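In: Just the structure for this:
(one chain, ligands or ions: 2)
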Amino acid sequence: MNPLDIVQHFRINGQIKSYEAIRSGHINTSYRLFNLDPKSDYLLQKINTTIFKDVDSLMSNIAMVANHCNSLQPDITLTLISTIQDNLCFKDSENNYWRLYKWMNEYESFDTPNTIAHIFRGGRGFGKFSKLLSTLNSQKINQTLPGFHDLKYRYQQLLNSTIQQDITNEINLWLAKSKGLYEILSPIRDAISKKKIPKRITHNDTKFNNILLHKTQEIECVVDLETVMPGYILYDYGDGIRTSATVCPEDEKVLEKIKIDKSRVEAFKEGFLSEANDIMYNTEKTLLPLAGPLLAYLMGIRFLTDHMMGDKYYNIEYPGHNFIRAKSQLTLCQRLLDYENV
Ligand code: GN1
Ligand code: MG
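Out: Numbering: from 1, shown residues only. Ligands and ions are numbered 1, 2, ... in the order given. Sure, this is the predicted structure:
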């Protein structure tokens, strides 16, 4: 289906003249729609219903969180545009589901941030978002992807993916590394199972390109709310660290290049705590050093699992891409552990 036709089913202003595909993001298909009035562009997304099977619950979460957060802090996240039928998304004749947001003008995003100032702002934006979420009525938020950041569940998925497979020596090496790291990361899982840290509503996908930085003003906009669910604040802190701590991309091929830069880690931490410090418990704060390694590990084993399962989950750019991502993220996990000295 053509984005220019799809958008006609939404309550839009002006006239859409063209579109371009947006390549970042591993899950959905996204387009920027250009309006004759350049101040009113839109972001159109085709929802990945292989992953998000319950679209109503997904969209209800997004709308509830966006309304809550934007009412407390305008433009802290994207504004959804409803359909002409007053629905949160549009189902086309091929059973694809689409949603539409206002495009944020004058903002930019970075897969990997270049400057310390940007990293601080990323941390601050995600920290502020955590704070705003802490006043949301959590009963109304659906658990759309059960077990999303559950270490044991993801590890079990990895083990299951190895059954009845021809495993190369190289993959075996990375499976062994994954097994070795699993135990080191268990303190966060223990704190969760012993209820030492509170369950909150969290974003769960706070990689750096999910925050937009205003080009001239000191304001940030958090995007990609589809994984907002009950979770732990360490996940949001940890994914920010994962994607800020090194200059390397998520799919760095040259593993020796993956190094942790102290000033980058400190900048994200300072930014995050400048907003979220007051809502966090000491038990959460003492586990912060393990949060980055945990998220790098979870991504590493999820990429490895998907590689073993035939690349069914993540969008890839070339054969073997998920294995490259897995090796890079498992290496990053180890480097972050070394850095934190745990
Ligand atoms: C996916 O959609 P995107 O690219 O923001 C994934 C995240 C991973 C991320 C890794 C629903 O996020 O969990 O952290 O890739 N989202 C889902 O880059 O699985
Ligand atoms: Mg996402």
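In: Please list the residues of the stretch 101-250 of the chain that sit near ligand 1.
Out: Proximity of the stretch 101-250 of the chain to ligand 1, by Cβ under 6 Å from any ligand atom, involves residues 205, 207, 210, 224, 227, 250. Yep, even glycine has a C-beta here, placed from its N, CA and C like the rest.
In: could you say which helix or strand contains the residue nearest to Val228 when sequence neighbours are not counted?
Out: Nearest residue to Val228 in three dimensions, chain neighbours excluded: Val65, at 4.9 Å (Cβ to Cβ, 6 or more residues apart in numbering). Val65 belongs to helix 55-72 when assigned by DSSP states H and E.
In: now the strands for the stretch 101-250 of the chain?
Out: Using DSSP state E, counting those that start in this stretch, the strands of the stretch 101-250 of the chain run over residues 107-108, 200-202, 211-214, 220-222, 229-231.
In: Make JSON lines out of those and add mean neighbour count and mean pLDDT.
Out: Shown next, in JSON lines, are the strands of the stretch 101-250 of the chain (neighbours: other Cβ atoms under 10 Å; pLDDT from 0 to 100):
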{"stretch": "strand 107-108", "mean neighbour count": "14", "mean pLDDT": "96"}
{"stretch": "strand 200-202", "mean neighbour count": "23", "mean pLDDT": "97"}
{"stretch": "strand 211-214", "mean neighbour count": "22", "mean pLDDT": "98"}
{"stretch": "strand 220-222", "mean neighbour count": "24", "mean pLDDT": "98"}
{"stretch": "strand 229-231", "mean neighbour count": "20", "mean pLDDT": "96"}
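In: got the residue ranges for the helices in the stretch 101-250 of the chain?
Out: With helices called from DSSP state H, counting those that start in this stretch, the stretch 101-250 of the chain shows them at 116-133, 151-161, 169-184, 186-193, 233-244.
In: Just the C-alphas of the last one, formatted as PDB.
Out: It refers to helix 233-244. Output in PDB follows, covering the C-alpha atoms of helix 233-244 (Å, rounded to 0.1, in the frame of the first residue of the first chain):
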ATOM      1  CA  ILE A 233      14.100   1.700  35.700                       C
ATOM      2  CA  LEU A 234      17.500  -0.100  35.300                       C
ATOM      3  CA  TYR A 235      16.400  -1.200  31.900                       C
ATOM      4  CA  ASP A 236      15.900   2.400  30.700                       C
ATOM      5  CA  TYR A 237      19.100   3.600  32.200                       C
ATOM      6  CA  GLY A 238      21.000   0.500  30.900                       C
ATOM      7  CA  ASP A 239      19.900   0.800  27.300                       C
ATOM      8  CA  GLY A 240      20.900   4.500  27.300                       C
ATOM      9  CA  ILE A 241      24.400   3.400  28.600                       C
ATOM     10  CA  ARG A 242      24.600   0.600  26.000                       C
ATOM     11  CA  THR A 243      24.100   3.000  23.200                       C
ATOM     12  CA  SER A 244      26.200   6.000  24.600                       C
END
